[in-house]
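Undergrad: Build the 3D model from these lines:
(one chain, ligands or ions: 1)
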Amino acid sequence: MEQEMQYSVKHDIKSLNQKELENLFVSLGEKPFRARQVYHWMHVSHAATFDEMSNISKSLKEKLKECFELTVLRQKLVQRSKLDGTAKYLFELADGNMIESVRMKYKHGNSVCISSQAGCRMGCRFCASTLDGLARNLTPAEMLDQIYRIQEDIGERVSHVVVMGTGEPLDNYDNLLKFLELLSDENGLNVSQRNITVSTCGIVPNMRKLAGEKLQITLAISLHASSQEKREELMPVARKYGIDELMKACEDYFVQTGRRITFEYSLVGGVNDQPQDARQLARLIQGLNCHVNLIPVNPIKERAYVQPDGQSVLNFKQMLEKHGITVTVRREMGRDIDGACGQLRRRQMNE
Ligand code: SAH
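TA: This next block holds a predicted model:
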């Protein structure tokens, strides 16, 4: 019975690394080099079906269809900016769930922002992605395919990836790690780990676990407040992992990996954008090898949060700089197609 069960479940072929695929092929009586060909079809040629794999025999294709599921996202909608190269994609998963991804065009190349979960359970107050809770984790293949489909759509290479779309990547740890392995695989898309950023709301135990993986990726922390009290107000996760514990984990992350931490700080008018907030933030992160990214909050209609005016943003930035902290203000891209993270998905799912 157990045996039967095992064979009736199809393997998620695009979530396997090359070695795992080779081993499976051998167990199916196929040569390892066939596995390498199929791997190339999926991760370099971005084939959408087994039938496209033209150097694979008909009989092997049939076997593949029987044993494996090939994850390919369906593009439901694209909103392309007329101002810059930004485009927002809505993809449908095999089970009908929807996810969002964003392409940004920079001088240094194409960057794609991917979702790591369908929905989110972290409950950050200003974020639209979490309003309906978590539907489910994304598989490594579903994370990868957001990038593959966008690369096919634009006909240009994607060189940078940020895991900053819907979902909390460290709440989907094992799949995230497999995704990072496949994404940076030299036999796959081969994106340099230095060009990959993973953003977390601060799940401390998994930050510590990640530090031990010795990856060259950039870890970004969504901080958004400089005191425990204010952070708890904006981010429920802060009740579980306090700000001191979080800062200690950041320090240790740098010591273990040598990678500079990025702090994201969404400026919310009248809430966390005052001079005393900037001073407190400077004190909190002083001495840490880090970089601060200020993001004027993107208002969502479900909450009364507003953006600070331009002068307050500038003052906040200068206050930090006076303390020797490197700061950037997130350039607003795709202003004409915007809508805060998760709003496009939410609208579509509710229809
Ligand atoms: N869960 C991860 C990654 C997804 S959110 C994290 O928390 O980091 C990506 C970033 O966008 C986070 O810094 C998040 O706090 C921020 N964000 C979400 N909604 C926002 C909004 N309406 N305005 C500005 N930033 C927002």
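Undergrad: State the distance from Gly188 to Cys124.
TA: 32 Å (Cβ to Cβ, to the nearest Å). Just so you know, the C-beta spots here come from the backbone N, C-alpha and C atoms, and that holds for glycine as well.
Undergrad: just Val38 next, same as before
TA: Distance, Val38 to Cys124, using Cβ to Cβ: 40 Å.
Undergrad: These two: which has the busier surroundings?
TA: Val38 (27 against 19; other Cβ atoms under 10 Å).
Undergrad: so the more buried one, which of the three states?
TA: helix (DSSP: H, G, I helix; E, B strand; the rest coil).
Undergrad: so it makes contact with Asn55?
TA: No - assessed by Cβ atoms under 8 Å, Val38 is found out of contact with Asn55, at 9.6 Å.
Undergrad: Can you mark which positions in the strand or helix carrying Leu177 are buried?
TA: For Leu177, the host element (DSSP states H and E) is helix 173-183. By 16 or more other Cβ atoms under 10 Å, the buried positions in helix 173-183 come out as Tyr173, Asn175, Leu176, Leu177, Lys178, Phe179, Leu180, Leu182, Leu183.
Undergrad: Which of the residues you listed sits closest to the ligand?
TA: Leu176 (11.1 Å; Cβ to the nearest ligand atom).
Undergrad: which residues does the closest one contact?
TA: Contact analysis of Leu176 by Cβ atoms under 8 Å, 6 or more residues apart in numbering lists Ser116, Met143, Val163, Pro169, Leu170, Val198.
Undergrad: give me the number of residues near the second one?
TA: Counted with other Cβ under 10 Å, the neighbours of Met143 add up to 31.
Undergrad: Quick check: it vs the ligand, distance?
TA: 13 Å (Cβ to the nearest ligand atom, to the nearest Å).
Undergrad: cool, and the last one?
TA: Computed as Cβ to the nearest ligand atom, the Val198 to the ligand distance reads 8 Å.
Undergrad: what kind of secondary structure is that residue in?
TA: For Val198, the assignment made with three-state DSSP gives strand.
Undergrad: My guess is it contacts Ile221. True?
TA: No - look at Val198 against Ile221 with Cβ under 8 Å: they stay out of range, at 10.1 Å.
Undergrad: near the ligand, which residues of the chain?
TA: 122, 124, 126-127, 164, 168, 199-201, 222, 264, 266, 295, 297-298, 300, 340-341 (Cβ under 6 Å from any ligand atom).
Undergrad: Low-confidence ranges, the chain, go.
TA: 1-8, 335, 338-341, 351 (pLDDT under 70).
Undergrad: Could I get the full set of helices for it?
TA: 2-8, 18-27, 32-43, 58-67, 140-154, 173-183, 204-211, 228-234, 237-240, 243-257, 275-285, 310-322, 343-350 (DSSP state H).
Undergrad: just the angle between the third one and helix 173-183, please?
TA: It refers to helix 32-43. 100 degrees (axes from the mean of the first three to the mean of the last three Cα atoms, to 10 degrees).
Undergrad: Please name every helix or strand in contact with helix 32-43.
TA: helix 18-27 (3 or more Cβ pairs under 8 Å, 6 or more residues apart in numbering; DSSP states H and E).
Undergrad: Residues contacting the helix it packs on, please?
TA: His11, Ile13, Leu16, Lys31, Pro32, Arg34, Ala35, Arg36, Val38, Tyr39, Asp185, Asn187.
Undergrad: Only C-alpha atoms, please: export it in PDB.
TA: What follows is helix 18-27 as a C-alpha-only set of coordinates in PDB (Å, rounded to 0.1, in the frame of the first residue of the first chain):
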ATOM      1  CA  GLN A  18      20.700  18.000 -10.800                       C
ATOM      2  CA  LYS A  19      22.100  15.300  -8.600                       C
ATOM      3  CA  GLU A  20      18.700  14.400  -7.200                       C
ATOM      4  CA  LEU A  21      17.300  14.200 -10.800                       C
ATOM      5  CA  GLU A  22      20.200  12.000 -11.900                       C
ATOM      6  CA  ASN A  23      19.600   9.600  -9.100                       C
ATOM      7  CA  LEU A  24      15.900   9.500  -9.900                       C
ATOM      8  CA  PHE A  25      16.600   8.800 -13.500                       C
ATOM      9  CA  VAL A  26      18.900   6.000 -12.700                       C
ATOM     10  CA  SER A  27      16.300   4.500 -10.500                       C
END
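Undergrad: Flag every buried residue along stretch 317-330.
TA: So for stretch 317-330, counting by 16+ other Cβ under 10 Å, buried means Lys317, Met319, Leu320, Ile325, Val327, Val329.
Undergrad: For the residue lying closest to Asn190 once chain neighbours are set aside, which residues are in contact?
TA: Closest residue to Asn190 apart from its sequence neighbours, by Cβ to Cβ, 6 or more residues apart in numbering: Ser184 at 6.9 Å. Shown in contact with Ser184 (Cβ under 8 Å, 6+ apart): Asn190, Val191, Ser192, Gln193, Ile196.
Undergrad: Just the buried residues out of these, in ChimeraX syntax.
TA: Buried members of those can be picked out in ChimeraX with the line below, counting by 16+ other Cβ under 10 Å:
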select :191,196
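Undergrad: closest to the ligand among the contacts of Ser184?
TA: Ile196 (13.5 Å).
Undergrad: Distance check, that closest one against His224.
TA: Distance from Ile196 to His224, by Cβ to Cβ: 22 Å.
Undergrad: Repeat that for Ser184.
TA: Taken as Cβ to Cβ, the span from Ser184 to His224 is 29 Å.
Undergrad: Spatially central residue (nearest the centroid) of the chain, please.
TA: The centre of the chain sits closest to Val163, judged by Cα atoms, centre = their mean, with a distance of 1.6 Å.
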